[in-house]
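Trainee: Build me a model:
(2 chains, ligands or ions: 3)
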Amino acid sequence: MKTIEIKLKINNEDKILRVKINERLVDALRAAGYKGIKKGCYEGSCGACTVLVNGRPMNSCMIPAASADGFEITTIEGLGESDNLHPLQESILETGGVQCGYCTPGFLISSYALLKSNPDPNMDEIKRATDGNLCRCTGYVKKLEAVERAAKKMRGDK
Amino acid sequence: MLRKLENYYKPSSLQEALRLADENTEGAKLIAGGTAVMAAKNNEVKTLIDIKNTGTDKIIKDENGVRAGATVTIASLLESNEIKNYCGGLIYEAAYYIASTPLRNMITLGGNIIQTFPWSDLPAALLLCGAELSVASKNNIRKLSYINAVKKHPSLAISKNEIVTEVLFPDLTSYTGKFTKFSQTNFDYAILDAGVIAKIKDGAFEDIRFAVSAAGSLPQLLSESAALLKGAPADDKGAAAKAARHAASETIFTNDKRVSIEYKKEILPALFERLIERVVKENKGGN
Ligand SMILES: Cc1cc2nc3c(=O)[nH]c(=O)nc-3n(C[C@H](O)[C@H](O)[C@H](O)COP(=O)(O)OP(=O)(O)OC[C@H]3O[C@@H](n4cnc5c(N)ncnc54)[C@H](O)[C@@H]3O)c2cc1C
Ligand code: FES
Ligand code: FES
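Mentor: Ligands and ions are numbered 1, 2, ... in the order given. From the prediction side, this is the model:
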C-alpha cells in the first residue's frame, strides 16, 4: 500500500507522520503513540476515537489520515499529565464517572471543546455536546456531573 | 475500508477540483465530510478528491434567498443566523438532530444531499422549500431543482465529473416552516421525519406544503394532504386533523426492520397535527 507524509500539529507539537494512503486518522495517531484515543465501532457511532481537529471534536475513525496534512489535533494526552490532571480528568475521578474507562478519553475531549467555548454550560448543553460519546457502563449521570464540576473549578467558583 | 485506494488529492480551488474530477472519472470519488465515504466498504475507489478546501463553505443571504456552499458543515448551518431565521427555522430544525456533535462537525450539506439515505434529515426540508442546487463541471455550471434531483436519487442526477457547489434556499419571507424528527434517541436515525411550511393570510392558509421522509426510500411531498387545507381557516383544528390523517394514506411506506408500517401510520398524523399547530402559533406571534 502506498504511503505519504503528512505534517501536522499534535498537542501543540509539530509532527511528521508517514501514513498509508487509505489509513484512518485514529490508526495513524495510535501508531504514532497516542494510545489514549480508543477504537470502538470504527463507523462514527461510539465516539471513543474523538479528537479535536482545529478546535472541534470529530470522530477520527471517519477521517482519512491523508486529509490531515496541516491539521491541529488535540488528543486526551494533550489535556493533562498523570501528575498534573486537567480539571475535567480530576472531576471525572472525583464523581466516579469512570468504570471500564474505554469511553473516557473521547467523552473528555468533547467536554473540553464545550468548556472552551462555553465556560458555564447548563445540563442540556452538556448532554448535547457529549451526545456522540456512548458509555456502556456508567449510565452517564456521574460523567455529566463531572463536566459541571470541572466547569465550576475552571471558573474558580466554590 | 478503501482497499484499492491509490491517490488522495486535496485541491485548494474549485477549478482544480473540477479539473481533477474531469480527468479521473474511472474509480474516482469526491469526498467532503467523509462520513459516508469512509463508512462504505468500497473496493472500486482508486482516487479520492477531497473538496473541503475549495472555498465552497460560505453562507450568504441575497435577494433570491439564502445560499449555502456545499461544503458547509451541519454545525456551521446551525451556527448561522441566516439559517436560524430562514422560513421559521425550517432548515435549522431539520439539521438540529442530525447525528451527533462530532459528526455534525464533519457532515457537509452537499454530502448529505448526494448520499441521501431513507432516514436522512435534510431532504424533506429541501423539498418543502424548493431548494435549488448549483452543479459545476469543468466548463459549465447548471441549476438543478432539488425536486428533480431526488426523483430517482440525487447521486444519479449528477455526473461523475460534476460537483455540487451551492444550495439556494429560495426566499420564503412570508412562510413559516417547522420540522420534526421522530426517533428512539436524538442520535438515532429517524423513524419518521415530517415538515410543514405555510403562508397564512387573513387567518387562512393561502399556501401550505407537507413533506415526509424515513417512510419510503426517498423523501416525499404530500400535495393531496396539503391541498385539503388550502383556503381553510388556520385555526380549524378539524380540518388540520383530517389533512394530517390523509397524510398517512398518501405516504408511500416501505418496510423498516425497526418498526412496522402500521406503527408509522399511527404516528405520522400526530406529527403533522403538531407541526400545523406550531406553524399557526408562530404565525400568531407565539412560538
Ligand atoms: C453514525 C452516523 C450517524 C448519522 N446520522 C445521521 C442522521 O441522523 N441524519 C442524517 O441526515 N445524516 C446522518 N448521518 C450522515 C449521513 O449518513 C451521511 O454520512 C452524510 O450525510 C454524508 O455527508 P458527508 O459530507 O460526510 O459526505 P461524504 O461521505 O464525503 O460523501 C458522500 C457522497 O456524496 C458525494 N459528495 C459529497 N459532496 C459532494 C458534492 N459537493 N458534490 C457532489 N458529490 C458530493 C461523495 O462523492 C459521496 O458519494 C450519519 C452518519 C453517521 C456515520
Ligand atoms: S471508533 Fe470512531 S466513533 Fe466509534
Ligand atoms: S466507562 Fe465503560 S464505556 Fe464508559
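Trainee: Can you name the residues that contact B:Pro269?
Mentor: B:Ala241, B:Ala244, B:Arg245, B:Ala247, B:Ala248 (Cβ atoms under 8 Å, 6 or more residues apart in numbering or on different chains). In short, each C-beta sits where N, CA and C put it, glycine included.
Trainee: Tell me how many other residues crowd the nearest residue to it once chain neighbours are set aside.
Mentor: Once flanking residues are discounted, B:Pro269 sits nearest to B:Ala244: 4.1 Å by Cβ to Cβ, 6 or more residues apart in numbering or on different chains. Counted with other Cβ atoms under 10 Å in any protein chain shown, the neighbours of B:Ala244 add up to 25.
Trainee: for A:Ser110, same thing?
Mentor: For A:Ser110, using other Cβ under 10 Å, the count is 24.
Trainee: That one: what's it in contact with?
Mentor: A:Gly47, A:Thr50, A:Pro57, A:Ala129, A:Thr130, A:Gly132, A:Asn133, B:Thr101, B:Pro102.
Trainee: and it, what helix or strand is that in?
Mentor: Using DSSP states H and E, A:Ser110 sits within helix A:104-117.
Trainee: buried ones in that helix?
Mentor: A:Thr104, A:Pro105, A:Gly106, A:Phe107, A:Leu108, A:Ile109, A:Ser110, A:Ser111, A:Tyr112, A:Ala113, A:Leu114, A:Leu115 (16 or more other Cβ atoms under 10 Å in any protein chain shown).
Trainee: Could you give the average pLDDT over the helix or strand hosting B:Ile267?
Mentor: Here B:Ile267 sits within helix B:261-283, counting by DSSP H and E. For helix B:261-283, the mean per-residue pLDDT is 97.
Trainee: roughly how far is it from the heart of the chain?
Mentor: 19 Å (Cα atoms, centre = their mean, to the nearest Å).
Trainee: what are the C-alpha coordinates of that helix, in CSV please?
Mentor: This file holds the C-alpha atoms of helix B:261-283, laid out as CSV (Å, rounded to 0.1, in the frame of the first residue of the first chain):
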residue,chain,number,x,y,z
ILE,B,261,-45.6,0.3,8.7
GLU,B,262,-48.8,0.2,10.8
TYR,B,263,-46.9,1.9,13.6
LYS,B,264,-45.6,4.6,11.3
LYS,B,265,-49.1,5.2,10.0
GLU,B,266,-50.3,5.8,13.6
ILE,B,267,-47.5,8.2,14.4
LEU,B,268,-47.5,10.3,11.2
PRO,B,269,-50.8,12.1,11.7
ALA,B,270,-49.9,13.2,15.2
LEU,B,271,-46.6,14.6,13.9
PHE,B,272,-48.4,16.6,11.2
GLU,B,273,-51.1,17.9,13.6
ARG,B,274,-48.4,19.1,16.0
LEU,B,275,-46.4,20.8,13.2
ILE,B,276,-49.5,22.6,11.9
GLU,B,277,-50.3,23.8,15.4
ARG,B,278,-46.7,25.1,15.8
VAL,B,279,-46.8,26.9,12.4
VAL,B,280,-50.2,28.5,13.3
LYS,B,281,-49.0,29.5,16.7
GLU,B,282,-45.8,31.1,15.4
ASN,B,283,-47.8,33.0,12.8
